[in-house]
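# A predicted structure for the sequence below; I have some questions about it.
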Amino acid sequence: MNEKYLYVYNNLINYTRNKDLYINLNRKDNFSDRLTLFLLHFSFFLKNYKNDKNKSLLQEIYDFNFRQLELSIREIGYGDQSINKKMKDYVNLFHSMVSEIHFWEDLSKSDKLKKIQIFLSDFENSEYLLNYFENFNNDLSKKTLNSYIKGVSKS
């Protein structure tokens, strides 16, 4: 397997491991919570770096990340039929996230909050999550795609 995009994947995983993201969850976090946050980070990542110049590169990163997710699901112990269904669900969730945040900068704060709540409804303090993803989005816009690929980005 080509590990060319492992730094991108690991950076996104590190963002997802931020314990502060789970403070307002009324239960112990689970794989699904972590995966949802990973996909949301990845959605913002793709939104920020999407342009004609990066199209094929981002497709390779997309393919790599979903291959890694599939491997993670396999490690948990799901069977082949379950994996196919789970992957279809996660890909659909991801594409709905990308669609919802596509015009993020044009949305009002209340609209952004609603978008966050669509995907993170089990989290109580949506305001905190909104601020977090606003900052994350701003940080992405200040960095180059190459900095993520080369692994120089700090999470």
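Right, received. Where do you want to start?
# nearest residue to I76 in space, please, no chain neighbours.
In space, I76 comes closest to F31 once its chain neighbours are excluded; the distance is 6.6 Å by CB to CB, 6 or more residues apart in numbering. In this view, the C-beta of every residue, glycine as well, is placed from N, C-alpha and C.
# where do the helices of this structure begin and end?
Taking DSSP state H to define them, one finds helices in the chain at 6-16, 31-49, 55-76, 80-101, 109-119, 126-142, 145-149.
# where does the protein dip in pLDDT?
Low-confidence segments of the chain (pLDDT under 70): 1-2, 151-155.
# what is the burial count for the residue nearest to I76?
For F31, the count of nearby residues is 10 (other CB atoms under 10 Å).
# how much space between it and Y9?
For F31, the distance to Y9 equals 16 Å [CB to CB, to the nearest Å].
# so which of the helices of the chain gets nearest N24?
Within those, the stretch nearest N24 is helix 126-142; the backing value is 6.2 Å (CB to CB).
# the inter-axis angle of that closest one versus helix 31-49?
Computed with axes from the mean of the first three to the mean of the last three CA atoms, to 10 degrees, the direction of helix 126-142 lies at 40 degrees from that of helix 31-49.
# report the buried residues of stretch 62-69.
Across stretch 62-69, burial judged by 16 or more other CB atoms under 10 Å covers 62, 64-66, 68-69.
# swap in stretch 129-146?
Within stretch 129-146, the residues that count as buried by 16+ other CB under 10 Å are 129-130, 132-133, 136-137, 140, 145.
# tell me the one among those nearest to N51.
Checking the buried residues of stretch 129-146 against N51 with CB to CB, the nearest one is L145 at 9.4 Å.
# any idea how far N125 is from the closest one?
If you go by CB to CB, the gap between L145 and N125 works out to 31 Å.
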